[in-house]
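Asks: Kindly return the folded structure for what I paste below:
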Amino acid sequence: MQESDGSFEHFPLADTIDHDILMHRDAHFGGLFSVMLDYYQKEGKGTQPEFTIERIERLKTLEEQMKENLAAVFFTAQETQRVADAREAYQHLRSIYEVKKPKNRFPQLIADLILSEDEEAEEEVKAIAAEKDKIVPTLIELLGNEQFYDPLFPGYGLAPSLVVKCLGAIGDKRAIISLFEALGQGDFFADDQILKALRAIGDSAKTFLLRVAAGRPLNEDNERAAIALVAFKEDPEVAAACFDLLKKDDIQKDLCLSTYFALTCAGLQDPLLREEFKALANQPQLNAMLKEDMKSIIRDWAS
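Replies: Sure thing, here's the model as predicted:
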């Protein structure tokens, strides 16, 4: 879209963000710019940072000038289908509330969670956590549904992080593998929730992560486990196990993996292990960046 002047002489939807705004409007706001603008002016939960009010207003003006629905003019077949799928998901969730005297209250609890406009959805999370282990399979299924990672669908892509909060509050070990697999699928804040949930599950999660971290051959699962173990760094057993892994030559050659293990070593409490860590930090074969991270940990111990 041409931002330099107010002219609409040329087709202005060359930018994919304009298409995204239109899809967002049609999926969440009934195809009405007025409803979307009101929501954005109130800074609702589902606002997308790249969609500025000015840009939405310019598209609204363009549509008024053209006297034609911009979606009908500019959407590709794929974009039309994505919006249709998102609307169908909304319709399904709303239909849940039409069931009188449901035999199973889980679907409504899940719909409440997804459709909540409260960013933390504290009441909805509390209601789900009260169901304890019985609702865990339903939550795991939702966590694996790729649609709900998409900002175009109900929940604005934030539903998985709320599901993770629920799983963390319940603390059922059946969720460990699903939580582990969800690491890296969302944004930083979703990953932070996953780490909190794994820590809340406790020893079962710790044992699983240590086993995966030590697995061979090295792959992305080792790194994912190493990331998660940082959340357990205050546990002396975890810190010592990660130090043992950090000593291995193949791990030292992997900068990312070795860095995560080093960060967890910050939790080392045994004076002898700390001395070994200091000695390792001076080994000439270590990557310079890893050495610096290790020396930073050593300085923190001294402070």
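Asks: pLDDT wise, what is H10 at?
Replies: The per-residue pLDDT reported for H10 equals 49.
Asks: Equivalent analysis for S303, please.
Replies: The per-residue pLDDT reported for S303 equals 89.
Asks: Quick check: what element follows the lowest-mean-pLDDT helix or strand in the chain along the chain?
Replies: Lowest mean confidence among the helices and strands of the chain (mean pLDDT, DSSP states H and E): helix 188-201, at a mean of 90. Following helix 188-201 in sequence order, the next helix or strand is helix 203-213 (DSSP states H and E).
Asks: could you check the angle helix 188-201 makes with that following helix?
Replies: Using axes from the mean of the first three to the mean of the last three CA atoms, to 10 degrees, the inter-axis angle of helix 203-213 relative to helix 188-201 is 120 degrees.
Asks: Packing partners of helix 203-213?
Replies: Counting by 3 or more CB pairs under 8 Å, 6 or more residues apart in numbering; DSSP states H and E, the packing neighbours recorded for helix 203-213 are helix 176-182, helix 188-201, helix 220-229, helix 236-246. All C-beta spots, glycine's among them, are computed from the backbone N, C-alpha and C.
Asks: if we can go back for a sec, so the least confident helix or strand of the chain versus helix 220-229, what angle?
Replies: 70 degrees.
Asks: Give the other helices and strands that helix 188-201 contacts.
Replies: For helix 188-201, the packing partners by 3+ CB pairs under 8 Å, 6+ apart come out as helix 159-170, helix 176-182, helix 203-213, helix 220-229.
Asks: rerun that using 7 Å as the cut-off
Replies: With contacts defined as 3 or more CB pairs under 7 Å, 6 or more residues apart in numbering; DSSP states H and E, the packing partners of helix 188-201 are helix 159-170, helix 176-182.
Asks: Tell me which of the ones you listed is the most buried.
Replies: Per-stretch averages of neighbours, counted by mean count of other CB atoms under 10 Å, single out helix 159-170 among those, with a mean of 25.
Asks: quick revisit: list the buried ones in the least confident helix or strand of the chain?
Replies: 190-191, 193-195, 197-201 (16 or more other CB atoms under 10 Å).
Asks: okay, among these, which ones form the most distant pair?
Replies: Using CB to CB, the buried residues of helix 188-201 reach their maximum pairwise distance at A190 and I201, which is 16.8 Å.
Asks: how near is M294 to L286?
Replies: Taking CB to CB, to the nearest Å as the measure, M294 and L286 are separated by 8 Å.
Asks: Sorry, wrong one. I was asking about Q108.
Replies: Q108 sits 55 Å away from L286 when distances are taken as CB to CB.
Asks: for E117, same thing?
Replies: Here E117 is placed at a distance of 50 Å from L286 (CB to CB).
Asks: Which of those two has more residues huddled nearby?
Replies: Neighbour totals were compared for E117 and L286, and L286 leads with 20 against 11 (other CB atoms under 10 Å).
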